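> Okay, structure incoming, though there's no sequence with it:
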């Protein structure tokens, strides 16, 4: 087994969130293509009623970006047994339109080249999903009471992964940065 595939499996088991299920769905989506770089991002979310876990895995191959997302669904009145849903999407590298990185650093005036990032948000867009942020349109006349409709921004929102040193540890932020570097490099070689 190639080192990159072994590293991916190790990271899936380290994440501890249905690693065999995630490996199986990735195996189908990868279709025997080798993995160049990967990012495994487990996340726990809380709402008023329950704790929910999920994992996002990004696997870069020589020709594609494979995204896998797995969510658990607790048992309820309609579904007596817990279940999980696993979704994969394969995006040809040449379809990737944007790789957006937001780095958060403490005390930016003291930042030195190579210093670790506290948080990294990686947004990848290929045009499948977009978010529209709308707000009321206005005019320059402060006395105007007319309805000017809405204005907005269309933002690509296919995959967004936020990794924080405070929540996941500095090694996770470093791994996300390494994956982002590999993806950025691949996206310009289309």
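Looks like it came in fine. Predicted, not measured: the structure shown is a model, and the values here were computed from it.

> Does the closest residue to residue 37 other than its chain neighbours belong to a helix, a strand or coil?
Spatially, and ignoring its direct neighbours in sequence, residue 37 is nearest to residue 182 (3.7 Å; CB to CB, 6 or more residues apart in numbering). Where you see a C-beta, it was placed from the backbone N, CA and C, and this is true even at glycine. Residue 182 falls in the helix class when you classify it by DSSP: H, G, I helix; E, B strand; the rest coil.

> number of nearby residues for residue 69?
By other CB atoms under 10 Å, the residues close to residue 69 number 18.

> check contacts around it.
By CB atoms under 8 Å, 6 or more residues apart in numbering, the residues touching residue 69 are 54-57, 86-88.

> Check which helix or strand residue 76 maps to.
Under the criterion DSSP states H and E, no helix or strand holds residue 76.

> residues contacting it?
Under the criterion of CB under 8 Å, 6+ apart, residue 76 has no neighbours.

> tell me the mean pLDDT for the helix or strand hosting residue 87?
Residue 87 is part of strand 83-92, with elements assigned from DSSP H and E. Across strand 83-92, the average pLDDT comes to 93.

> helices or strands up against the helix or strand just after that strand?
Downstream of strand 83-92, the first helix or strand assigned by DSSP H and E is strand 98-104. The helices and strands touching strand 98-104, judged by 3 or more CB pairs under 8 Å, 6 or more residues apart in numbering; DSSP states H and E, are strand 119-125, helix 170-188.

> so which of the ones you listed comes closest to residue 18?
Nearest of the helices and strands packed on strand 98-104 to residue 18, taken as CB to CB: helix 170-188 at 18.8 Å.

> how is this structure carved up into domains?
Split into domains by automatic domain parsing, the chain comes to 3-95+169-183, 100-156.

> most neighbours per residue, which of those?
When the domains of the chain are scored by mean count of other CB atoms under 10 Å, the highest mean neighbour count falls to domain 3-95+169-183 (a mean of 16).

> Next, the contact list for the nearest residue to residue 19 once chain neighbours are set aside, please.
Spatially, and ignoring its direct neighbours in sequence, residue 19 is nearest to residue 12 (4.1 Å; CB to CB, 6+ apart). Applying CB under 8 Å, 6+ apart, one finds that residue 12 lies in contact with 19, 22-23, 40, 57.
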